[in-house]
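K.L.:
Next come a sequence and a model predicted from it.
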Amino acid sequence: MSADLFSDEDGNTPLSAEERLGLIPTYITLRHELNEAEQINITDGENWATRQSRNMLDEDILRELHRRMFGKVWAWAGGYSKETNRRIGSDSFRIPLDLRQMLDDVRYWIEHDTYPADEIALRFHHRLTQIHPFPNGNGRFSRLAADLLAKHLGQPYFSWGRTSLIEAGATRGQYIEALRAADLHDLEPLLRFARS
């Protein structure tokens, strides 16, 4: 396989050697081939999620969404990361606990109108990226989950900078910077970016 297939670009989750073995299509040797295969599978996942209203605040539905988005490309799709000493995200043993706590928080925010709908969906997105429950695909998964939650809350899908965030570039850089600002409790850049 080409060295650039699993390159550690800014914002990409590094995969362990074991996780790399989960790649299903044997023809993939380049990053653009991986991106294309994942995008086709992501479209399948989005179609599944939008055919009927899915409860994005259900842990099993979230796992199934990830599986449907990546299950034809990665054997571990829909399964939580098992890697210890993760560089990004919650420790593997904490993932289910952190997800349940976050889902409880989001339910509370909705029930008590704690934040406007866009902010609730983006706080949901941000916490999913912080927890980083899966070995890979967390950004794309959490953006779709946030879109689906926004729709459930009566809002349109987010535009996410109106361009693909898969490839490195200025727009992806803005997205990563907005997430980093949210890490420091400043959600404004993410709110602006998501509707830009």
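P.N.:
Done, it's in. Numbers count the residues shown, from 1 in each chain.
K.L.:
what pLDDT, on average, does stretch 127-146 get?
P.N.:
Rounded to a whole number, the mean pLDDT of stretch 127-146 is 96.
K.L.:
Off-centre distance for that stretch?
P.N.:
Remark: stretch 127-146 is offset 2 Å from the chain centroid, using CA atoms, centre = their mean, to the nearest Å.
K.L.:
what comes up buried for the helix or strand encompassing residue 66?
P.N.:
In this assignment (DSSP states H and E), residue 66 forms part of helix 59-70. The neighbour-count criterion (16 or more other CB atoms under 10 Å) identifies 62, 63, 64, 65, 66, 67, 68, 69, 70 as the buried residues of helix 59-70. All C-beta spots, glycine's among them, are computed from the backbone N, C-alpha and C.
K.L.:
What helix or strand is residue 172 located in?
P.N.:
helix 170-183.
K.L.:
Please state the offset of that helix from the chain centre?
P.N.:
14 Å.
K.L.:
And that helix, what does it pack against?
P.N.:
Using 3 or more CB pairs under 8 Å, 6 or more residues apart in numbering; DSSP states H and E, the elements in contact with helix 170-183 are helix 117-131, helix 188-194.
K.L.:
mind listing what's buried in it?
P.N.:
For helix 170-183, the buried set under the neighbour-count rule, 16+ other CB under 10 Å, comprises 171, 172, 174, 175, 178, 179, 181, 182.
K.L.:
could you measure the last one against residue 104, distance?
P.N.:
In this case it means residue 182. Distance, residue 182 to residue 104, using CB to CB, to the nearest Å: 20 Å.
K.L.:
With the fourth one instead?
P.N.:
Relative to residue 104, residue 175 is positioned 27 Å away (criterion: CB to CB).
K.L.:
for the fifth one, same thing?
P.N.:
Taken as CB to CB, the spacing of residue 178 relative to residue 104 amounts to 25 Å.
K.L.:
what about stretch 161-170, average pLDDT?
P.N.:
The predicted model gives stretch 161-170 an average pLDDT of 72.
K.L.:
Figure out how far the lengthiest helix in the chain is from the centre of its chain.
P.N.:
What stands out as the longest helix in the chain, according to DSSP state H, is helix 31-51. Relative to the chain's own centre, helix 31-51 is displaced by 13 Å; criterion: CA atoms, centre = their mean.
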